[in-house]
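>>> sequence? don't have it. structure:
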């Protein structure tokens, strides 16, 4: 509930990444949801960008030809998408476990998508 109060103060652009010091109770350091955190720190714009990232990754996974790679991509994507409902802080914080939970799946899916497109272009030529 603390997060929603702050989100209402800056609904479009958010409260900024340095606003952790002003968030709610002392024992509460972040909203415990990647979606609420994105809205808190980045406003509607930040939440939209996070959802767009997940949508783009899901689209890339759907367009993967190989079934095992497609399953791997969706499995990786499930971790931040579902796990982010009840945990995970801001997506741009310093290196930590969030990098393994969010950014490693993102980079793997993007890398496989780029490789797949290159292979398709080479086969077409």
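Done, it's in. Note that the coordinates shown come from a computational prediction; the quantities given were computed from them, not determined experimentally.
>>> next one: phi and psi at residue 65?
When read as degrees, to the nearest 10, the backbone of residue 65 gives phi -70, psi -50.
>>> Quick check: it touching residue 116?
Yes - if you go by Cβ atoms under 8 Å, residue 65 and residue 116 touch, sitting 6.7 Å apart. C-beta: built from backbone N, CA, C; applies to glycine.
>>> ok, these two, which is more surrounded?
Comparing residue 65 with residue 116 by other Cβ atoms under 10 Å, the one with more neighbours is residue 116, at 16 against 9.
>>> Hmm, residue 64 and the more buried one touching each other?
Yes - Residue 116 lies in contact with residue 64 (Cβ under 8 Å); the separation is 6.3 Å.
>>> so how far is residue 68 from the residue sitting nearest the centre point of the chain?
Nearest to the geometric centre of the chain sits residue 50, at 5.0 Å (Cα atoms, centre = their mean). Residue 50 is 27 Å from residue 68, where distance means Cβ to Cβ, to the nearest Å.
>>> Residue 55 now?
Separation of residue 55 from residue 68 (Cβ to Cβ): 23 Å.
>>> that older thread, and the closest residue to the residue nearest to the centre of the chain other than its chain neighbours, how close does it get to residue 81?
If the residues on either side of it in the chain are set aside, residue 50 comes closest to residue 38, at 4.4 Å by Cβ to Cβ, 6 or more residues apart in numbering. Distance of residue 38 to residue 81, given as Cβ to Cβ: 13 Å.
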